[in-house]
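Enquirer: give me coordinates for this.
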Amino acid sequence: MKVEHILQSKEARVVAVRTSATVAEAIRLMKAENISALVVKEVCRTEGNTLAGVLSERDIVHALLERGASLLSMPVSQLMTRQPVTCAPSDSLHHALRLMADHHIRHLPVLEDGHLIGVVSARDFTQLQLQELESVAQPSAETPAYAH
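Expert: Alright, predicted model coming up:
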């Protein structure tokens, strides 16, 4: 199975923030969207879906420890992970999971020809695994719902 399979099964919208947004604005957006990472893009409209970086809860927590509450007024560009680990839609799910495990990350931007087309997350892999487990665990019509 490929990364594109996950992208096809989820909402196409990628929640992004601009490099000039403050960390406080990014946190509010993460809370409103119930997500733990944001794609960061440049302000210029001509950039299109060009990835500037990723800002995760982990980035924020680590910076909070180092800098205190003053980080809330900082621009996202000072805190984001530049040149994040990425994958392609044609990559296998195994490859994507290996990248996430090796780099200790939970969000993986998906690039095609250098352009951002989506993000896969640990949550997506968990959902996929849950669906697979539930499809296997479905009792057949002939099998009682409980068997001893």
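
Enquirer: show me the helices in the chain, by range?
Expert: Using DSSP state H, the helices found in the chain span residues 3-9, 23-33, 57-67, 93-103, 122-137.

Enquirer: what is the neighbour count of residue 78?
Expert: 11 (other CB atoms under 10 Å). Where you see a C-beta, it was placed from the backbone N, CA and C, and this is true even at glycine.

Enquirer: list the residues that contact residue 42.
Expert: Going by CB atoms under 8 Å, 6 or more residues apart in numbering, residue 42 touches 18, 19, 50, 52.

Enquirer: ranking the residues you listed by neighbours, who comes first?
Expert: residue 52 (22 neighbours).

Enquirer: pretty sure it is touching residue 21, no?
Expert: No: shown here, residue 52 and residue 21 do not form a contact pair, counting by CB atoms under 8 Å, at 11.3 Å.

Enquirer: the most centrally placed residue in the chain - nearest residue in space that isn't next to it in sequence?
Expert: The residue lying closest to the centre of the chain (CA atoms, centre = their mean) is residue 107, at 3.3 Å. The spatially closest residue to residue 107, leaving aside those adjacent along the chain, is residue 37, at 4.1 Å (CB to CB, 6 or more residues apart in numbering).
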